[in-house]
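below are the sequence and a predicted model for it; my questions follow.
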Amino acid sequence: QKEVEQNSGPLSVPEGAIASLNCTYSDRGSQSFFWYRQYSGKSPELIMSIYSNGDKEDGRFTAQLNKASQYVSLLIRDSQPSDSATYLCAVRREYGNKLVFGAGTILRVKS
Amino acid sequence: EAQVTQNPRYLITVTGKKLTVTCSQNMNHEYMSWYRQDPGLGLRQIYYSMNVEVTDKGDVPEGYKVSRKEKRNFPLILESPSPNQTSLYFCASSFGTGVGQETQYFGPGTRLLVL
C-alpha cells in the first residue's frame, strides 16, 4: 500500500462542473496536508493547505479533511479549461520532516 | 523576483560520469529539498536540509549526495550515475516545517538522461 494514494485518472469534467479529487493516506498521525497543481512540463505549485478536520475554502477551491477516515479531498467549482493539470496530494509525516506526495490525478476540463 | 533556480535544465550523460545539479534560492528559506519525479510514482524525496550543515535522507537517497554549506545553495551530486537515475529532478525550498511555513517553492526542474 502506498503511503499517499490518489486515483491517477484522467478525471474528465465539462466546463462549469465540479471536479472532485480524492486522496487517502496511511500515517494516522499526519497533521499537515497539501494540494499542489502541476501543469504539463512545469513545476508543482501550492494551491491549498489544510490542517484541521472539515472544509477550507479559497475561491473556487475547497479542501476537505477527515482524519478519522484518513482522507483528504479537493473540490474545484466552476471548473475551467485552465484547471486542466495534474493535482498532487502531499502529506507531512507525523515524525521527521518528510513530505510525501501521491502520484497525482490528471484532471481534464472540456469546453 | 523570489525564485528557486536549478542548473542545468537538461542533461544527457553517460554511466559513471560524476555530475552536479545546482539549486539556489533567494528567499532566505531554511528548508530545502530534492525530489525526483517518475511516471506513476509521483514526487519522491531524495534528501532534505533543515539549515546550513544539516542534511538528512529522504525516501530514495541511494546514489545521491548533497551538501548545504550556504543557506541559499543545495547542490545534488551523483557520484556515479546509472540509467535508473534517469528522471526529472526538482529542488524545493520553504521557510521551515512549522504550520504556515511549509509552502514548498519548486525550481523549474532538471531533466536528466543517463545512458
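Received, thanks.

what does chain A have sitting close to chain B?
Within chain A, the residues that sit near chain B (CB under 8 Å from any CB of the partner chain) are A:4, A:8, A:32, A:34, A:36, A:42-46, A:49, A:51, A:88, A:90, A:92, A:96-104. Where C-beta positions appear, they are placed from N, C-alpha and C, glycine not excepted.

if you look at those, which of them are in strands?
Residues of the residues of chain A next to chain B located in strands (DSSP state E): A:4, A:32, A:34, A:36, A:45-46, A:49, A:88, A:90, A:92, A:99-101.

need those in JSON lines (columns: pLDDT).
As requested, these are exported to JSON lines (pLDDT from 0 to 100):
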{"residue": "A:Val4", "pLDDT": "95"}
{"residue": "A:Ser32", "pLDDT": "92"}
{"residue": "A:Phe34", "pLDDT": "96"}
{"residue": "A:Tyr36", "pLDDT": "97"}
{"residue": "A:Glu45", "pLDDT": "96"}
{"residue": "A:Leu46", "pLDDT": "94"}
{"residue": "A:Ser49", "pLDDT": "94"}
{"residue": "A:Leu88", "pLDDT": "97"}
{"residue": "A:Ala90", "pLDDT": "95"}
{"residue": "A:Arg92", "pLDDT": "90"}
{"residue": "A:Leu99", "pLDDT": "88"}
{"residue": "A:Val100", "pLDDT": "92"}
{"residue": "A:Phe101", "pLDDT": "94"}
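
out of the residues you listed, who's nearest chain B?
Closest approach to chain B among those (CB to the nearest CB): A:Phe101, at 4.0 Å.

which residues touch the closest one?
A:4, A:36, A:88-90, B:35, B:42-44 (CB atoms under 8 Å, 6 or more residues apart in numbering or on different chains).

the same query, at a cut-off of 6 Å, please.
Counting by CB atoms under 6 Å, 6 or more residues apart in numbering or on different chains, A:Phe101 touches A:88, A:90, B:42-43.

assign the residue positioned nearest the centre of chain B to helix, strand or coil.
Closest to where the C-alpha atoms of chain B average out (CA atoms, centre = their mean) is B:Trp34, at 2.7 Å. Here B:Trp34 is recorded as strand under DSSP: H, G, I helix; E, B strand; the rest coil.

need the pLDDT of the closest residue in space to it that isn't next to it in sequence.
Nearest non-adjacent residue to B:Trp34, counting by CB to CB, 6 or more residues apart in numbering or on different chains: B:Ile46, 4.3 Å away. For B:Ile46, the pLDDT comes out at 97.

and for B:Ile46, the neighbour number?
For B:Ile46, the tally of surrounding residues (other CB atoms under 10 Å in any protein chain shown) stands at 25.
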